[in-house]
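[1] Have a look at this prediction, sequence included:
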Amino acid sequence: MPVSGVKRVGGIGAGMVGVCAASWLQRDGHQVFLIEAGEPGHGASFGNAGCFNGSSVTPVSMPGTIRNVPRWLLDPLGPLSLRWGYLPAIAPWLVRFMRAGSPEKVHAQARALRPLVGPTLETLKPLISAAGAEDLVHRLGHLYVYRSAQSLAKDRLAWELRRENGVEVDEFDADELRQLEPALSRDYVRGVLVRENGHTSNPLELVERLLEHFLRSGGELVRARARGFRLDGQRLAAIQTGTGDLPADAAVICAGAYSKPLAAALGDRVPLETERGYHLMIADPESMPRIPTADADGKFVATPMETGLRFAGTVELAGLSAPPDWRRARILLAQGRKMLPGLAASHPEERISVWMGHRPSLPDSLPVLGPSSASPEIIYAFGHGHVGMTAAPMTGKIVADLVAGGPPAIDIAPFAAGRFG
Ligand SMILES: Cc1cc2nc3c(=O)[nH]c(=O)nc-3n(C[C@H](O)[C@H](O)[C@H](O)COP(=O)(O)OP(=O)(O)OC[C@H]3O[C@@H](n4cnc5c(N)ncnc54)[C@H](O)[C@@H]3O)c2cc1C
């Protein structure tokens with residue numbers, strides 16, 4: 001490390017987490033480069049629902065989740081699918097996933113997540129104002145809608161977890177819901193609005209603008225695939241890439257769902273999987289909600305985007321290399337038309353676009369965030385699952401705290417790579 005305290009820091013992966021970490025590191029005065037194997041922002045950060053939901057503290061595995069799995073798997077319009085050939089590979093992850101859903105554990109996971117996701121918009125603000133990207137981020141809240149009082153009651157624990165972590169909500173009955181969001185189907189009879197939440201109307205553009213600002217401010221983008229690290233004892237000497245070694249004083253692994261082999265190269269075996277998700281977009285939709293709206297039973301979100309209406313969600317367990325099953329995206333269209341009856345019954349194909357992306361997921365719905373066991377100079381920042389856009393701004397700040405050698409702003413012990421034993 002140079003005497004001045006200025007370090008040369010390499011981030012691996014230019015998704016939302018990578019650009020936020022790079023931005024915070026750069027603001028601390030470091031010389032930062034991002035290594036990207038594909039196109040910046042074209043990983044999971046490309047096609048998500050765009051929600052910056054500070055209220056997203058509920059883990060995916062909850063008490064009772066497992067009881068729903070057979071019903072979800074059998075329902076062709078259901079929110080979960082599994083490629084059976086992938087079952088042997090994912091079985092150990094599924095076992096951990098089931099164990100993570102005990103009542104005590106979900107309370108602890110929610111407590112750990114809130115400081116990471118809660119301040120999302122405040123932490124993002126200085127980055128978007130410097131990058132001239134304020135027009136892409138909106139604070140209009142997030143609406144959850146239910147088809148019956150019983151289905152809202154089934155989500156009781158999720159709302160309890162949010163409330164006990166300081167999330168304030170407003171509940172609406174059928175009439176109030178209609179006034180709030182007239183585009184919604186009358187089948188919805190309950191709504192819960194979380195006003196603190198926000199969204200971006202263009203996730204890719206957001207990553208690109210943050211990246212452009214980082215580059216204009218002296219940051220570098222290296223087009224290469226990171227393969228491992230050259231260490232001198234516990235000191236980092238260089239990041240090894242397909243096109244040669246890049247000397248660095250510190251490194252950040254923010255390669256999303258592709259981070260596992262990089263952590264394994266450092267001796268940390270983390271059960272990182274991909275929960276594949278899909279989106280379907282309609283350009284020039286006949287109807288659109290005003291604010292992002294989640295169908296709580298269907299587990300998908302309808303987000304008003306600059307480029308049209310995006311339905312995003314669902315989980316497919318099939319690994320990193322299987323080709324997309326575009327029927328999963330079409331399911332979102334069928335569900336979306338039920339949510340918004342003002343949409344046409346059919347659309348010309350040129351107005352429809354589909355996408356599949358890899359959520360980087362740990363079984364306990366918490367990321368891996370903190371130093372590697374091989375070197376305190378190599379920091380993990382991956383595995384944010386369903387909440388990576390939301391958690392990215394604070395994750396980036398914590399990475400900068402760790403590189404500075406100071407204590408991070410929040411407790412990161414629950415995110416340790418070693419927690420899986
Ligand atoms: C359908 C869907 C909806 C979602 N909705 C939301 C939402 O509303 N709100 C929310 O908060 N989150 C949401 N998410 C989750 C969110 O999109 C992800 O958690 C987040 O984008 C992860 O960001 P990342 O930077 O870690 O990964 P990525 O965006 O995947 O970026 C990783 C980058 O690393 C690069 N890379 C990989 N390996 C290497 C290597 N060896 N060398 C160099 N580069 C490498 C990749 O090319 C990629 O560009 C959603 C996800 C899906 C799939």
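    Here it is on my side, so go on.

[2] what's the weakest-modelled helix or strand in the protein?
    Ranked by mean pLDDT, DSSP states H and E, the weakest helix or strand in the chain is helix 65-74, scoring a mean of 85.

[3] tell me what that helix is packed against?
    strand 80-82 (3 or more Cβ pairs under 8 Å, 6 or more residues apart in numbering; DSSP states H and E). C-beta here means a position set from N, CA and C on the backbone, and glycine is covered the same way.

[4] Show me where the stretch 51-200 of the chain dips below the pLDDT cut-off.
    For the stretch 51-200 of the chain, not a single residue meets the criterion pLDDT under 70.

[5] For the ligand, what is the nearest residue in it?
    Cys51 (3.3 Å; Cβ to the nearest ligand atom).

[6] try the stretch 301-421 of the chain
    Gly388 (2.0 Å).

[7] hmm, back to that, may I see the buried residues of the least confident helix or strand of the chain?
    For helix 65-74, the neighbour count (16 or more other Cβ atoms under 10 Å) marks 65, 72 as buried.

[8] where in the stretch 251-400 of the chain is pLDDT low?
    For the stretch 251-400 of the chain, no range has pLDDT under 70.

[9] Show the residue spans covered by the strands in it.
    Ranges of strands within the stretch 251-400 of the chain are 273-282, 293-295, 300-305, 308-317, 352-361, 368-371, 378-382, based on DSSP state E, counting those that start in this stretch.

[10] partners of the third one in the sheet?
    The partner list of strand 300-305 in its sheet, established with DSSP bridges, is strand 293-295 (antiparallel), strand 308-317 (antiparallel).

[11] And the contacts of it?
    Strand 300-305 has contacts (Cβ atoms under 8 Å, 6 or more residues apart in numbering) with 49-51, 79, 199, 201-202, 281, 288-295, 309-314, 332, 335-336, 339-340.

[12] circling back to that earlier point, okay if I get the strands paired with strand 300-305 as CSV plus distance to the ligand and mean neighbour count?
    CSV is the format used below for the strands paired with strand 300-305 (distance: least, Cβ to the nearest ligand atom, whole Å; neighbours: other Cβ atoms under 10 Å):
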stretch, distance to the ligand, mean neighbour count
strand 293-295, 9, 25
strand 308-317, 4, 23
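
[13] Compare those and give me the one nearest Leu127.
    strand 308-317 (22.8 Å; Cβ to Cβ).

[14] quick one, the closest one and strand 352-361 angle?
    Counting by axes from the mean of the first three to the mean of the last three Cα atoms, to 10 degrees, strand 308-317 lies at 40 degrees to strand 352-361.

[15] In PDB, could you pull the C-alpha coordinates for strand 308-317?
    The C-alpha trace of strand 308-317 is given here as PDB (Å, rounded to 0.1, in the frame of the first residue of the first chain):
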ATOM      1  CA  GLY A 308     -42.500  -0.100 -21.200                       C
ATOM      2  CA  LEU A 309     -44.100  -2.300 -18.600                       C
ATOM      3  CA  ARG A 310     -42.000  -5.000 -17.100                       C
ATOM      4  CA  PHE A 311     -43.300  -8.100 -15.400                       C
ATOM      5  CA  ALA A 312     -40.400  -9.700 -13.500                       C
ATOM      6  CA  GLY A 313     -40.000 -12.500 -11.100                       C
ATOM      7  CA  THR A 314     -40.400 -16.300 -10.600                       C
ATOM      8  CA  VAL A 315     -37.600 -18.700  -9.600                       C
ATOM      9  CA  GLU A 316     -36.200 -21.500 -11.800                       C
ATOM     10  CA  LEU A 317     -33.600 -23.900 -10.300                       C
END
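
[16] Run through the residues of the stretch 101-250 of the chain sitting next to the ligand.
    225-226 (Cβ under 6 Å from any ligand atom).

[17] the helices in the stretch 101-250 of the chain, which residues?
    103-117, 120-131, 149-154, 156-164, 174-180, 203-216 (DSSP state H, counting those that start in this stretch).

[18] Need the winner for burial among the ones you listed.
    Compared across the helices of the stretch 101-250 of the chain, helix 203-216 shows the largest average neighbour count, a mean of 21 (mean count of other Cβ atoms under 10 Å).

[19] what's the angle between that helix and helix 120-131?
    50 degrees.

[20] Show me what helix 203-216 is packed up against.
    helix 16-27, strand 31-36, helix 44-47, helix 120-131.

[21] and Ile379, which of those is closest to it?
    Across the helices and strands packed on helix 203-216, closest to Ile379 is helix 16-27 (Cβ to Cβ), at 8.5 Å.

[22] if you average pLDDT over the closest one, what comes out?
    Model confidence over helix 16-27, given as mean pLDDT, is 98.

[23] Can I get it in PDB, CA atoms only?
    Coordinates of each C-alpha in helix 16-27 appear next as PDB, following Å, rounded to 0.1, in the frame of the first residue of the first chain:
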ATOM      1  CA  MET A  16     -24.800  -2.900  -9.800                       C
ATOM      2  CA  VAL A  17     -22.700  -4.200  -6.900                       C
ATOM      3  CA  GLY A  18     -19.400  -3.600  -8.700                       C
ATOM      4  CA  VAL A  19     -20.200  -0.100  -9.900                       C
ATOM      5  CA  CYS A  20     -21.500   0.900  -6.400                       C
ATOM      6  CA  ALA A  21     -18.400  -0.500  -4.800                       C
ATOM      7  CA  ALA A  22     -16.100   1.100  -7.400                       C
ATOM      8  CA  SER A  23     -17.900   4.500  -6.900                       C
ATOM      9  CA  TRP A  24     -17.500   4.500  -3.100                       C
ATOM     10  CA  LEU A  25     -13.900   3.400  -3.300                       C
ATOM     11  CA  GLN A  26     -13.100   6.100  -5.800                       C
ATOM     12  CA  ARG A  27     -14.800   8.700  -3.600                       C
END
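
[24] helices and strands around that helix, which ones?
    Counting by 3+ Cβ pairs under 8 Å, 6+ apart, helix 16-27 packs on strand 8-12, strand 31-36, helix 120-131, helix 203-216, strand 250-253, strand 378-382, helix 388-403.

[25] Make JSON lines out of those and add distance to Ser346.
    Output for the helices and strands packed on helix 16-27, formatted as JSON lines (distance: least, Cβ to Cβ, whole Å):
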{"stretch": "strand 8-12", "distance to Ser346": "44"}
{"stretch": "strand 31-36", "distance to Ser346": "39"}
{"stretch": "helix 120-131", "distance to Ser346": "37"}
{"stretch": "helix 203-216", "distance to Ser346": "27"}
{"stretch": "strand 250-253", "distance to Ser346": "45"}
{"stretch": "strand 378-382", "distance to Ser346": "40"}
{"stretch": "helix 388-403", "distance to Ser346": "31"}
